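Asker: generate a structure from the sequence data that follows.
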Amino acid sequence: MTKIVDFIKSAKKYGQGLAVNIAPPIITQCVHRIREQIVGYNAKSTTLLQPSEYSTLDGSIEVPCQVEAYLFCRDKYLKPTDAVLDVGFGLGYGLQIMAAKVVNSIGFETDVRAVERGCRIFEGHPRIKQVLLYNGEGIPLKDKTFDVVTCVEVLEHVEDYKVLLLEMVRVSKRLIFISTPNRRPEYTRWDGKPKNRWHLREWSYEELDTILQRIPDIHIDWNFLNGSWNGPFDCTSVVSKNTLALTPALMLDSSQGW
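Answerer: Below is the predicted model of the structure:
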């Protein structure tokens, strides 16, 4: 190990000496990455990023499967008269998709920058009433405030996801629509953790179903979004090897027959 570290130090020093001829930032970056893997992170040089530091505005793009999940929810579950709460609205395109059908929607988000942006772009919108900052734990609303609560690609980021699930059930009158990545081998590291560094965990269908079945007074309408990252997509009621996202609707028992 000592010889390897000495070699890395020598390589880094040599790379820095070629500042004019061989693009030193590339060399330095490569050496730094190798060093991280072999001798670990040094507190003075590198700080591990935490999920709480994530902002949806960093490299902000529309994620195709998220768009598809919102479209599916809108077309299958929403009524024109519904009031909808979108938990973790991010860039806001989910709110825009649902606002094409429902008369009243608001968004909650823990990302300060996303809320500031949302306030600007949705100011005066006739159907998107508010976008609000919240702490990611208790939802500051009375019981059964909204007909539908949506939560698309959020649970995998939340430390205490069980509290969030129960809170969404509490403030909903009829259903909670969830979308979260299906744990697939190509997106999973050798140690079982997601390759996406911002995800605290990802579930298989069986794992998520076990968690959701413990929530009282609901039944689950299971859906599965299938396809590659860029699509095309299809949504089925049976999980498959091509399932990209788990998209269940938690139906409140009191709303059966809606």
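Asker: where are the low-confidence patches of the stretch 1-150 of the chain?
Answerer: With pLDDT under 70 as the threshold, the stretch 1-150 of the chain has low-confidence stretches at 1-60.
Asker: give me that answer again for 90
Answerer: Across the stretch 1-150 of the chain, the stretches falling below the confidence threshold (pLDDT under 90) are 1-62, 135-138.
Asker: hey, where'd the helices end up in it?
Answerer: For the stretch 1-150 of the chain, the helices defined by DSSP state H, counting those that start in this stretch cover 2-17, 24-39, 64-77, 93-99, 112-121.
Asker: with the stretch 151-258 of the chain instead?
Answerer: Using DSSP H, counting those that start in this stretch, the helices found in the stretch 151-258 of the chain span residues 161-171, 205-212.
Asker: who wins for proximity to residue 103 among these?
Answerer: Within these, the stretch nearest residue 103 is helix 161-171; the backing value is 18.1 Å (C-beta to C-beta). Every residue, glycine included, has its C-beta placed from N, CA and C.
Asker: check the gap between the residue nearest to residue 104 when sequence neighbours are not counted and residue 131 for me.
Answerer: Of all residues not flanking residue 104 in the chain, residue 83 sits nearest, at 4.3 Å (C-beta to C-beta, 6 or more residues apart in numbering). To residue 131, residue 83 is 15 Å away according to C-beta to C-beta, to the nearest Å.
Asker: higher neighbour count, the two?
Answerer: Neighbour tally, residue 83 and residue 131, criterion other C-beta atoms under 10 Å: the higher count belongs to residue 131, 25 against 15.
Asker: so the more buried one touches residue 107, yeah?
Answerer: Yes - under the contact definition of C-beta atoms under 8 Å, residue 131 touches residue 107, with a separation of 4.3 Å.
Asker: mutual contacts of these two, please.
Answerer: 89, 92, 95, 118 (C-beta atoms under 8 Å, 6 or more residues apart in numbering).
Asker: who are the contact partners of the residue nearest to residue 104?
Answerer: Listed by C-beta under 8 Å, 6+ apart, the contact set of residue 83 reads 102, 103, 104, 105, 145, 146, 147, 148.
Asker: and the top strand by length along the chain, what does it pack against?
Answerer: Ranked by residue count, the top strand of the chain under DSSP state E comes out as strand 172-181. Contact here means 3 or more C-beta pairs under 8 Å, 6 or more residues apart in numbering; DSSP states H and E; on that basis strand 172-181 packs against helix 64-77, strand 146-152, helix 161-171, strand 243-246, strand 249-252.
Asker: repeat that for 7 Å
Answerer: Under the contact definition 3 or more C-beta pairs under 7 Å, 6 or more residues apart in numbering; DSSP states H and E, strand 172-181 sits against helix 64-77, strand 146-152, strand 243-246, strand 249-252.
Asker: quickly name whichever of the shared contacts of residue 131 and residue 107 is closest to residue 161.
Answerer: Using C-beta to C-beta, the shared contacts of residue 131 and residue 107 come closest to residue 161 at residue 89, 17.4 Å.
Asker: okay, and the beta partners of the nearest residue to the closest one once chain neighbours are set aside?
Answerer: Closest residue in space to residue 89, ignoring its immediate chain neighbours: residue 107 at 3.3 Å, by C-beta to C-beta, 6+ apart. When assigned by DSSP bridges, residue 107 has beta-bridge partners residue 86, residue 131.
Asker: give me the distance between residue 107 and residue 222.
Answerer: Applying C-beta to C-beta to residue 107 and residue 222 gives a distance of 26 Å.
Asker: same drill for these two, tell me which one is more crowded.
Answerer: For residue 107 against residue 222, the residue with the higher neighbour count under other C-beta under 10 Å is residue 107, and the figures read 25 against 16.
Asker: pretty sure the more buried one contacts residue 88?
Answerer: No - using C-beta atoms under 7 Å as the test, residue 107 is too far from residue 88 to be in contact (8.2 Å).
Asker: residue 245 and residue 116, how far apart?
Answerer: Spatial separation of residue 245 from residue 116 under the definition C-beta to C-beta is 28 Å.
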